[in-house]
Every structure is written in structure tokens, then in C-alpha cells.
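Novice: Kindly return the folded structure for what I paste below:
(one chain, ligands or ions: 3)
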Amino acid sequence: MKRYFLPMIGSILSAGLTHAAVLFSGMDGSLDFGTSSGSYTLSDITVTLSANDGIVNATSSGLGINDSATGDDTDGIDTINIIESLTMSFNVDVVFNNLVLNAIGTNDGLSVSFNSGPPTLITTSSTTVFNTSLMAGDTVTFTAFEPNLGASNNGVRITSFEVTAIPEPFSAVLLGLGGVALLFQRRRL
Ligand SMILES: [Ca+2]
Ligand SMILES: [Ca+2]
Ligand SMILES: [Ca+2]
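Specialist: Numbers count the residues shown, from 1 in each chain. Ligands and ions are numbered 1, 2, ... in the order given. Alright, predicted model coming up:
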């Protein structure tokens, strides 16, 4: 029986430790809340988004904020009227793998900050790789800024972002041991 023991624990643990990357789309309407904050669940990961003004708004062009004043870039995160800021959090521990943006013109920029830490400043429409670990409830804040000071940022849109859930090793070990104990118990019967 012993020779089955280690491989079994190994397979139980690796099953618990491997999660697939989950891609949230800013363009498929799933994040189009139409309210100042809202949540959406995909593959057991719930993302919560909240806008500092107006509503979280996603169109086929991407995800952004429709602020409460007229003349806004309604699906962009911009500095028209106010400096828009979108805050994101997850219900489980995740690795924030990457972010894809579009509609970044010469006067546009988006800063990305984890738990109000030092911001990463993005000024090009491409994939930015982060691979940053977040605990459940930690925040990612996307804030519009003006790379050319005083020249209005007319909107940056989030095309997609990808996260991977971090399994809880302790739970996985307990589950694994529990399963093994059950097996031993059955064999004794
Ligand atoms: Ca806007
Ligand atoms: Ca605005
Ligand atoms: Ca723009």
C-alpha cells in the first residue's frame, strides 16, 4: 500500500496547486455594470469594480467609466471633467498576470497601483505583464493621468485582464490527507 501513498499525495497536491489563468474581457459586456460598482464571476473568481464617479461602463471598445458630467469619453478612463479612477478587487487570492489596454493616444496615460502602492505608468496600447500576487480584497486602482500635463487625457479603455487563482496550500494538504485517511479506513473494513 505504501508505494501508492506518495504518488497519491503528489497528485492530490498538484491538482490543488494548479489553476488555469482566467481572462476577463472588457469588451464582451460582462463588466458593463451601469452602476457605480458591481461584481462579475468567471471560473469561480469574482471581480468587483467601482468607479470614483458615475458608472462602470463597458462597450465593444472596452471597459471604462462614464462620469456624471456631459462631454465624457463614456467607456474610457479619462481626465475630462474629473480624474477618473477605477478600483478592482477579487474574492480570492490571485496573481494579477497582465493587463491589455487600448485607445491610448499621445495625451493619454493610465497608472496602475496595487494596494495604493507605487504606480506603474502605462502610455502605450499593449499588454503589460505584472504577475503580482494579491490577497482576497486587495485593490488594484487604475487612474487616468496626463503624460503631457494640461493636455486632457481623452480616455484609455481596458481590453482585458488576466488573473490566476492562488490555491490555499494548507487546505490542499488537509484535503489530501483527509482523502488518504479515508482510503486507509476503507481498506481496513
Ligand atoms: Ca470616462
Ligand atoms: Ca470623464
Ligand atoms: Ca484615448
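Novice: Worst mean pLDDT across the helices and strands of this protein, which element?
Specialist: In the chain, no helix or strand scores lower on mean pLDDT, DSSP states H and E than helix 2-17, which sits at a mean of 56.
Novice: the helices in this protein, which residues?
Specialist: For the chain, the helices defined by DSSP state H cover 2-17, 169-188.
Novice: Could you report the distance from the residue nearest to Ile122 when sequence neighbours are not counted to ligand 3?
Specialist: Nearest non-adjacent residue to Ile122, counting by C-beta to C-beta, 6 or more residues apart in numbering: Leu110, 4.9 Å away. Using the backbone N, CA and C atoms, a C-beta is placed for each residue, glycine as well. Per C-beta to the ion, to the nearest Å, Leu110 is found 10 Å from ligand 3.
Novice: Equivalent analysis for Gly155, please.
Specialist: Gly155 is 4 Å from ligand 3, by C-beta to the ion.
Novice: Ramachandran angles for Asp78?
Specialist: phi -140, psi -180 (degrees, to the nearest 10).
Novice: who touches it in this structure?
Specialist: For Asp78, the contacting residues are Gly64, Ile65, Asp72, Glu84, Asp108, Ala144, Ser152, Asn153, Asn154, Gly155, Val156, by C-beta atoms under 8 Å, 6 or more residues apart in numbering.
Novice: Run the contact check for stretch 104-122 versus ligand 1.
Specialist: No. Using C-beta under 5 Å from the ion, stretch 104-122 stays clear of ligand 1, coming no nearer than 11.6 Å.
Novice: what does stretch 151-167 give?
Specialist: No. Contact of stretch 151-167 with ligand 1 (C-beta under 5 Å from the ion) is absent, the minimum separation being 5.7 Å.
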